[in-house]
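Colleague: Provided below for reference: sequence and predicted model.
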Amino acid sequence: MGGRRTRISGSTVVITGASSGIGQATAEAFARQGACLVVVARDRDTIEAVAQDCRDLGARAIAIAADVTDASAMAEVAREAVGFGGTIHVWVSNVGTGAVGAFHEVPLEAHHQVIRTNLVGHMNDAHAVLPIFLRQGHGVFINMISLGGFAAAPFAAAYSASKFGLRGFSEALRGELVHHKNIHICDVYPSFVDTPGIFHGANYTGRQLSAPPPVLDARRVAKAILDLALRPKPTTMIGAPTALLRLGHAVSPELTTRAMALFLESYFRRAPRAATGSGNLFHPPHKAGGIDGGLRSPAQRSALTGLALGLGALAVAGVALRRRR
């Protein structure tokens with residue numbers, strides 16, 4: 001990896017946000033390849049269970065309970081990882097959350113916590129591991145971003161700000177490391193993924209949240225991350241909606257953002273009512289989520305087909321507008 005290794009087996013891999021969803025799927029994918037895993041999340045019992053699953057798959061693994069918003073805690077994770085595996089070959093910066101609701105109706109502290117988690121947390125990860133990569137001359141840092149890094153998400157303003165910022169942060173790091181050919185900063189932009197994350201995040205809409213199909217299996221994203229560890233590249237987009245929304249936003253950001261807002265308003269009017277709350281913003285979820293969120297069930301697909309068709313029409317409109325121009 002990073003110009004020095006051509007296999008996963010025996011490589012030391014750190015994964016933050018590994019207690020559910022994409023993080024857990026990624027941990028299991030690396031475990032099957034014989035990596036030495038350091039899995040990180042806030043809840044000690046949950047992350048230890050993930051580490052045990054990795055051991056059951058034949059990998060060496062340790063669990064560390066730590067919060068990515070704490071820079072000193074992430075520096076300690078890096079030290080423990082080096083002590084465990086001798087070095088660090090790959091760091092998967094995966095933590096992410098959100099707060100859904102009209103900007104002025106979401107408490108400002110919730111917005112701040114989304115930024116601390118989704119942007120500052122990834123910066124803390126990079127700050128902890130980059131000195132190690134520079135000393136050894138190689139390493140792969142993988143940033144989980146999302147299609148939100150290319151197209152704004154109305155009613156998730158802080159999420160949009162964090163993802164746009166994270167994309168800029170990664171691009172800046174690649175510029176700084178241009179002379180270090182064996183150190184790679186890789187960004188991953190999946191479309192909507194079937195994980196418990198959408199249910200764990202803060203919800204101030206008063207309505208149940210979901211995601212439009214097609215919804216990706218988290219294991220597909222994990223495979224893309226595994227491939228990046230072996231064959232690093234700057235940008236990886238997963239799922240057709242990412243490329244389509246990226247194109248539509250590039251052609252006319254005002255059109256795509258307005259259309260997205262109207263679609264979401266329509267969905268919120270029709271969605272069943274739900275309690276409002278801060279979800280997992282300030283503490284781990286009360287119930288471990290596992291990898292899947294149930295968004296690919298037939299009932300969920302049927303309920304959200306209209307929104308999916310609307311998003312497809314939006315992408316087609318963007319392409320048509322580009323051709324006219």
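Modeller: Happy to help now that I have it. Please read these numbers as outputs of a predicted model, since none were measured by experiment. Residues are numbered from 1 along each chain as shown.

Colleague: helices of the stretch 101-250 of the chain, residue ranges please.
Modeller: Assigned by DSSP state H, counting those that start in this stretch, the helices in the stretch 101-250 of the chain fall at 108-115, 121-136, 157-176, 197-200, 218-230, 240-251.

Colleague: those: which one's closest to residue 210?
Modeller: Relative to residue 210, the nearest member of the helices of the stretch 101-250 of the chain by C-beta to C-beta is helix 197-200, separated by 6.9 Å. The way it works is simple: take the backbone N, C-alpha and C, and place the C-beta from them, glycine included.

Colleague: list the contacts of the residue nearest to residue 102 when sequence neighbours are not counted.
Modeller: Nearest residue to residue 102, sequence neighbours excluded (C-beta to C-beta, 6 or more residues apart in numbering): residue 155, at 6.3 Å. Going by C-beta atoms under 8 Å, 6 or more residues apart in numbering, residue 155 touches 100, 101, 102, 103, 205, 261, 264, 268.

Colleague: and for the fourth one, the neighbour number?
Modeller: Pointing back at residue 103 there. When neighbours are defined as other C-beta atoms under 10 Å, residue 103 has 14 of them.

Colleague: what about the strands in this protein?
Modeller: For the chain, strands defined by DSSP state E occupy the ranges 12-16, 36-41, 60-65, 90-93, 99-100, 139-144, 183-190, 193-194, 202-203, 216-217, 235-238.

Colleague: how about a markdown table for the ones you listed, with mean pLDDT, mean neighbour count and distance to residue 226 added?
Modeller: As requested, these are exported to a markdown table (pLDDT from 0 to 100; neighbours: other C-beta atoms under 10 Å; distance: least, C-beta to C-beta, whole Å):
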| stretch | mean pLDDT | mean neighbour count | distance to residue 226 |
| --- | --- | --- | --- |
| strand 12-16 | 98 | 28 | 10 |
| strand 36-41 | 98 | 28 | 12 |
| strand 60-65 | 98 | 21 | 16 |
| strand 90-93 | 98 | 29 | 9 |
| strand 99-100 | 95 | 25 | 30 |
| strand 139-144 | 98 | 26 | 10 |
| strand 183-190 | 97 | 23 | 11 |
| strand 193-194 | 94 | 26 | 16 |
| strand 202-203 | 94 | 24 | 31 |
| strand 216-217 | 95 | 19 | 14 |
| strand 235-238 | 94 | 18 | 11 |
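
Colleague: just put those strands in a markdown table and tack on distance to residue 252.
Modeller: Listed next are the strands of the chain as a markdown table, based on distance: least, C-beta to C-beta, whole Å:
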| stretch | distance to residue 252 |
| --- | --- |
| strand 12-16 | 35 |
| strand 36-41 | 39 |
| strand 60-65 | 45 |
| strand 90-93 | 31 |
| strand 99-100 | 24 |
| strand 139-144 | 27 |
| strand 183-190 | 20 |
| strand 193-194 | 26 |
| strand 202-203 | 30 |
| strand 216-217 | 26 |
| strand 235-238 | 20 |
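
Colleague: of all these, which lies closest to residue 280?
Modeller: So among the strands of the chain, strand 202-203 is nearest, using C-beta to C-beta, at 7.9 Å.

Colleague: ok, and the closest non-adjacent residue to the residue nearest the centre of the chain?
Modeller: Geometric centre of the chain, nearest residue: residue 144, 3.8 Å, by C-alpha atoms, centre = their mean. Leaving aside its chain neighbours, residue 144 sits nearest to residue 94 (4.5 Å; criterion: C-beta to C-beta, 6+ apart).

Colleague: could you report the neighbour count for the one you found?
Modeller: By other C-beta under 10 Å, neighbour count at residue 94 equals 29.

Colleague: next one: it from residue 252, what distance?
Modeller: 32 Å (C-beta to C-beta, to the nearest Å).

Colleague: next: residue 156.
Modeller: From residue 156 to residue 252 the distance is 20 Å (C-beta to C-beta).

Colleague: what about the two, which has more around it?
Modeller: Set side by side, residue 156 and residue 252 show more neighbours around residue 156, with 23 against 17, by other C-beta under 10 Å.

Colleague: having no further points to raise, I will conclude here.
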